[in-house]
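In: Requesting a structural model of the entry that follows:
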Amino acid sequence: MTEPVKPTRLERSTTEAGAQIAVLTFAHGPLNLFDQAMFDAITADLDALTVDPPRAVLLRAEGKVVSGGVDVHVFDGLSADAGAELWRTLFAEIVHRIEALPCPVVYAAHGLTLTAAFEIALACDIILAAPRAKFGLVETVVGLTPSMGGPQRLAERAGSGRAREFVMTGDLYDAATMADWGVVNALHEDVDTAARALTARLADGPTRAHLATKRIIEAWRSGGVAHADSITPEVSGALFETDDLRGAVRSFLDVGPGKARYSGH
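Out: Prediction:
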């Protein structure tokens, strides 16, 4: 009996400077639909990334589209309790774990990016897109609202009024609009090459400082400026005992800026 093909692929490599990066690719047929097999595969990949984190992660997809969205069979016949449990599980096993990775996470959108694929993108640190990419949270077609964190994360990036419009209309929005709204960080004709280059650049950087940045911004997201201010001294102060900061300060003083090499420690 032939083993089923895994719907994702997790590959690790190292930059020229020796920093490990991981590339998680959606490769699940022509539409990269998010069915139970896809959710299970991403969960397993995040298990591996959590146990042995690299210094940067790239999420991308193969094929003409990033994803045509969720396979509607996932929703068929669910009770209220089962539906709530589905969302609790997807938050705990996918969305929150992406956000908790102790390194920068980049998302590359080269084409149509719908529902779960876009909600996962919104959990990443940086989103890059090709000009031809389109984005949508189209759950209204089945009487649902996006429930993997998309509305609130879109509101954080674009504002609550735009998030309501985006979700309630169920329309598709082009990459240029998403960049204008501040949802997409940058547009690139060859987005895959650009995303790989950015991921490598971030991996070569001060990984502990990048994690501190994520923790400070997460504090702001959950409690505002005052909460972020309250945790910054401890979070940032700990960096003074890292090899990277000590080495970079010494390098700056000895040979000037931009010459430091980082180990991630």
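In: Tell me where this structure has strands.
Out: Secondary structure of the chain (DSSP state E): strands at 8-14, 20-26, 56-61, 105-109, 113-114, 126-129, 134-136, 173-174, 186-187.
In: what's the closest of those to Asp40?
Out: strand 8-14 (9.4 Å; CB to CB). Every residue, glycine included, has its C-beta placed from N, CA and C.
In: so what strands line up beside the closest one?
Out: Strand pairing for strand 8-14, determined by DSSP bridges: strand 20-26 (antiparallel).
In: thinking again about what came up before, need the strands of the chain in CSV (columns: mean neighbour count and mean pLDDT).
Out: Below are the strands of the chain laid out as CSV (neighbours: other CB atoms under 10 Å; pLDDT from 0 to 100):
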stretch, mean neighbour count, mean pLDDT
strand 8-14, 15, 98
strand 20-26, 21, 98
strand 56-61, 26, 98
strand 105-109, 28, 98
strand 113-114, 27, 98
strand 126-129, 25, 98
strand 134-136, 23, 98
strand 173-174, 19, 98
strand 186-187, 16, 98
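In: closest one to Leu245 among these?
Out: That would be, of those and by CB to CB, strand 56-61, which comes in at 18.6 Å.
In: so what does that closest one touch, helix or strand wise?
Out: Under the contact criterion of 3 or more CB pairs under 8 Å, 6 or more residues apart in numbering; DSSP states H and E, strand 56-61 touches strand 20-26, strand 105-109, helix 116-122, helix 191-203.
In: Return the list of helices and strands in contact with the third one.
Out: Helices and strands touching helix 116-122, as assessed by 3+ CB pairs under 8 Å, 6+ apart, comprise strand 56-61, strand 105-109, helix 150-158.
In: which residues sit against stretch 133-142?
Out: If you take CB atoms under 8 Å, 6 or more residues apart in numbering as the criterion, stretch 133-142 is touched by 66, 69, 72, 75, 109-115, 118-119, 129, 145-147, 150-151, 154, 166-175, 178, 183, 191.
In: out of the residues you listed, which are buried?
Out: Buried by 16 or more other CB atoms under 10 Å: 66, 69, 109-115, 118-119, 129, 146-147, 150-151, 154, 166-167, 173-175, 178, 183, 191, out of the contacts of stretch 133-142.
In: Can you tell me, leaving aside adjacent residues, what's nearest to Asp35?
Out: Of all residues not flanking Asp35 in the chain, Asp71 sits nearest, at 3.8 Å (CB to CB, 6 or more residues apart in numbering).
In: Dihedrals phi and psi, that neighbour?
Out: For Asp71, the backbone dihedrals (degrees, to the nearest 10) come out as phi -70, psi 120.
In: Asn32 is in contact with that one, correct?
Out: No - the criterion here is CB atoms under 8 Å, and Asp71 misses it with Asn32 at 10.4 Å.
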